[in-house]
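Undergrad: What shape does this take:
(2 chains)
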Amino acid sequence: MEGISLLTITVLAVFVGFEVVSKVSSTLHTPLMSGANAIHGIILVGSIIVAGQASEPLVLAVALLAVVLATANLVGGFVVTDRMLEMFHGRGPGRGTRAAGARAVDDAAVVPDPAESAVVEASNPAHESGAR
Amino acid sequence: MTLLDPLWTALLYLAAAVCFILALKGLNSPRTARRGNLVGAFGAVVAVVTVFLSVKMDNVPWIMGAIVVGSGIAAPVARRVRMTQMPQLVALFNGVGGGAAALVALLELAHTEDPWVRLAIVFTLLVGAVSFSGSGVTFAKLQELMTTRPVVFPGLPVAMALALLAGLAAAGAIVGTGSTGLALLLLAVGLVAGVLLVLPVGGADVPIVISLLNAFTGLAVAASGLVLGNVLLVVAGTLVGASGTILTRAMAAAMGRSVAGILFGAFKGGSTAGSTTASDRPVRSSSAEDVAVLLGYAQRVIIVPGYGLAVAQGQHTAAELAEALEERGIRVDFAIHPVAGRMPGHMNVLLAEANVPYESLKEMSEINSEFKTTDVALVVGANDVVNPAAKTTAGSPIYGMPILEVGEARQVVFLKRSMRPGFAGVENDLLYEPQTTLLFGDAKDSLTQVLAAVKGL
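TA: Sure thing, here's the model as predicted:
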């Protein structure tokens, strides 16, 4: 692609990046940082391109190391963000209200919610098989 | 053989970029955050599938293997990590991303003659390496593998300046010659610079540095996109670089710090000075039963949770105590300092995990005026975020940080393990005030005892 179009895109992306996080409450700073962290794991695409062109063993080895690191960033980043966010729920349905007594809260805390863990389980293989 | 023509490739990359923007947008609100994150993950899958279908590829089995290895390491770690250790895990993932960008740039150097592309390569190498080693040091600090205090030595500014000069010289030579040997040298300089950058940062400021390095990695990825001529990398990297910069400033503002002050404050000296008052002054320590009486006959209680609560895994007991008090007709809220725990928002995550409703978690600006009318402020495992030294002691490492005004409550109860100062290493004068009661012990044990005593009232 021509340099000037890339520059145009870069400048526009800077403004989108500024706009998209300009008014976030401090409550969500950590998940937002973690989510942004996962997004730059997309360097995996670059690592794959480089590894796919490698012809010497040494170059391939270094490129594959980059693939491993980038995958760790990408997959780990999204999974850890999801784990943080699954903790965020308001006084929604399906949860004991606080007036229902300490026992309900305790139970909910000890017994893992099968629906929630199923989502995490399901989202991961999807990642990996998609990447394959 | 490629299945996708350039037009489709560009369209799919565009779709992935839109997913990333929607992901960041979704992360702005608690209601949409989780969906936003999944949209981002979906965009990443689209992008990775697209690259396999659009570029002529050798070594595909090897690449698949490397992806399996990377996911096989990262996914279980990310799924099992304790929520208290999450900040250092984010730092680690950020570091390896920067490392990957630097390696990509290193390998691309042999494929180009264009000085502009070489310039982008040089930038990626340097920034990626800084992010990699800098994140490593933040990890060590947060995991307490090394001291959390600022590490300063007399030659530090000189070493930093030398590293910078060496980096610039190597960078200039690489743009001229394209030498791989010099690129390795630049990589080494970047690694050293990353360590030097983070060493002088005090423990309490480390999360802000993680955010800054996160933005750095984003910029490195954007530059590697320029190197490879890949629009998606440019857009995603720039998005993270820009939003990460804003986020870093927002975090620093929440702590009353400036980013430059955090990075270079320790150079000026003085910022490591703690309170000079002797620590053998008398304090009033008390029993769980006494604390239960204080709490049980109050009208209004505010609980201030801190990192100690998280370490002791006492968030569930704290939630139960709040509930037991509410059953007695007492109004209970949790006051969350923006940097309670180890990262902005960390404490909200921990308490949400303990099923404390989002509505009972009050932000600092919202609740600070209410301490005046509060009977008991119960501080559980927090110290720096309620330390009046942040307002009164100029030169203290936490000076200027906004604090929760627990000192204005009629009674203050601290649940603490010991008289050891908090993460920032500053003594807390509030502990010696007449309205303050201390209950020593592990936060969870103390809370359990207080809870039992409250139920027995």
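Undergrad: Mind telling me what element the residue in the stretch 151-300 of chain B that chain A sits nearest to is part of?
TA: Residue nearest to chain A within the stretch 151-300 of chain B (CB to the nearest CB): B:Ala242, separated by 2.7 Å. C-beta here means a position set from N, CA and C on the backbone, and glycine is covered the same way. Secondary structure assigned from DSSP states H and E places B:Ala242 in helix B:231-254.
Undergrad: Quick check: mean pLDDT of that helix?
TA: What helix B:231-254 shows for mean pLDDT is 90.
Undergrad: Which SSE is immediately downstream of that helix?
TA: helix B:259-264.
Undergrad: still on that earlier bit, render the CA-only coordinates of the helix holding B:Ala242 in CSV, please.
TA: The C-alpha trace of helix B:231-254 is given here as CSV (Å, rounded to 0.1, in the frame of the first residue of the first chain):
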residue,chain,number,x,y,z
VAL,B,231,-3.1,-2.2,7.4
LEU,B,232,-4.6,-4.2,10.2
LEU,B,233,-1.5,-4.2,12.3
VAL,B,234,-1.2,-0.4,11.7
VAL,B,235,-4.8,0.2,12.8
ALA,B,236,-4.8,-2.1,15.8
GLY,B,237,-1.4,-1.0,17.0
THR,B,238,-2.3,2.7,16.6
LEU,B,239,-5.6,2.2,18.4
VAL,B,240,-3.9,0.6,21.4
GLY,B,241,-1.1,3.2,21.3
ALA,B,242,-3.5,6.1,21.4
SER,B,243,-6.1,4.7,23.8
GLY,B,244,-3.2,3.4,26.0
THR,B,245,-1.8,6.9,26.2
ILE,B,246,-5.1,8.4,27.2
LEU,B,247,-5.7,5.6,29.7
THR,B,248,-2.2,6.1,31.2
ARG,B,249,-3.0,9.8,31.8
ALA,B,250,-6.4,9.0,33.2
MET,B,251,-4.9,6.5,35.7
ALA,B,252,-2.1,8.9,36.7
ALA,B,253,-4.7,11.6,37.2
ALA,B,254,-6.7,9.3,39.4
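Undergrad: Just say helix, strand or coil for B:Gly395.
TA: coil (DSSP: H, G, I helix; E, B strand; the rest coil).
Undergrad: and what of B:Phe414?
TA: Going by three-state DSSP: B:Phe414 is strand.
Undergrad: Against B:Ala443, how distant is it?
TA: 10 Å (CB to CB, to the nearest Å).
Undergrad: rewinding a little: settle this for me: the residue of the stretch 151-300 of chain B closest to chain A is touching A:Leu12, isn't it.
TA: No. With contact defined as CB atoms under 8 Å, B:Ala242 does not reach A:Leu12; the gap is 10.4 Å.
Undergrad: Read off the pLDDT value for residue 107.
TA: Assuming you mean chain A. 37.
Undergrad: Chain B, not that one
TA: Confidence score, pLDDT, at B:Leu107: 95.
Undergrad: who are the neighbours in contact with it?
TA: A:Val50, A:Ala54, A:Val59, A:Val62, A:Ala63, A:Ala66 (CB atoms under 8 Å, 6 or more residues apart in numbering or on different chains).
Undergrad: Just the closest of those residues to B:His346, please.
TA: Nearest to B:His346 among those, counting by CB to CB, is A:Ala66 at 30.5 Å.
Undergrad: count of residues packed around that closest one?
TA: Other residues within reach of A:Ala66, judged by other CB atoms under 10 Å in any protein chain shown, total 30.
Undergrad: In chain A, where's the longest helix?
TA: What stands out as the longest helix in chain A, according to DSSP state H, is helix A:57-86.
Undergrad: Average pLDDT for that helix, rounded please.
TA: 94.
Undergrad: between the top helix by length along chain B and helix A:57-86, how many degrees?
TA: When chain B is parsed with DSSP H, its longest helix is helix B:115-142. Angle, helix B:115-142 to helix A:57-86, by axes from the mean of the first three to the mean of the last three CA atoms, to 10 degrees: 50 degrees.
Undergrad: quick one: is helix B:115-142 near chain A?
TA: Yes. Shown here: helix B:115-142 in contact with chain A (CB under 8 Å from any CB of the partner chain) through B:Trp116.
Undergrad: Measure how that helix sits relative to helix B:231-254, angle-wise.
TA: Using the same axes, to 10 degrees: helix B:115-142 against helix B:231-254 is 40 degrees.
Undergrad: now helix B:115-142, how far from the chain's geometric center?
TA: 18 Å (CA atoms, centre = their mean, to the nearest Å).
Undergrad: What of stretch B:101-118?
TA: 31 Å.
Undergrad: Quick one: end-to-end length of that stretch, please.
TA: 14 Å (CA to CA, to the nearest Å).
Undergrad: So, low pLDDT: which residues of chain A?
TA: For chain A, the stretches with pLDDT under 70 are A:1, A:88-132.
Undergrad: now the helices for it?
TA: Using DSSP H, helices in chain A cover A:3-20, A:29-39, A:43-53, A:57-86, A:102-110, A:114-131.
Undergrad: Contacts made by the first one with the rest, please.
TA: By that I understand helix A:3-20. Counting by CB under 8 Å, 6+ apart, B:21, B:24-25, B:28, B:116, B:222, B:226, B:229, B:231, B:234-235, B:238-246 sit against helix A:3-20.
Undergrad: From those residues, keep the buried residues only.
TA: B:21, B:24-25, B:28, B:222, B:226, B:231, B:234-235, B:238-246 (16 or more other CB atoms under 10 Å in any protein chain shown).
Undergrad: Let me see the contact set for the residue of the stretch 151-300 of chain B closest to chain A.
TA: A:Ala13, A:Val14, A:Phe15, A:Val16, A:Gly17, A:Phe18, B:Ala215, B:Gly218.
Undergrad: Closest to B:Phe334 out of those?
TA: Closest to B:Phe334, out of all of the contacts of B:Ala242 and judged by CB to CB, is B:Ala215, at 30.6 Å.
Undergrad: From B:Gly202, how far out is the closest residue in space to A:Ile48 that isn't next to it in sequence?
TA: Nearest residue to A:Ile48, sequence neighbours excluded (CB to CB, 6 or more residues apart in numbering or on different chains): B:Val51, at 5.2 Å. According to CB to CB, B:Val51 stands 42 Å off from B:Gly202.
Undergrad: now B:Pro402, what's its secondary structure?
TA: On the basis of three-state DSSP, B:Pro402 is classed as coil.
Undergrad: Distance check, it against chain A.
TA: When distance is defined by CB to the nearest CB, to the nearest Å, B:Pro402 is 11 Å away from chain A.
Undergrad: For the residue of the stretch 51-200 of chain B at minimum distance from chain A, which non-adjacent residue is closest in space?
TA: Per CB to the nearest CB, B:Gly70 is where the stretch 51-200 of chain B lies closest to chain A, at 2.7 Å. Nearest residue to B:Gly70 in three dimensions, chain neighbours excluded: A:Thr71, at 2.7 Å (CB to CB, 6+ apart).
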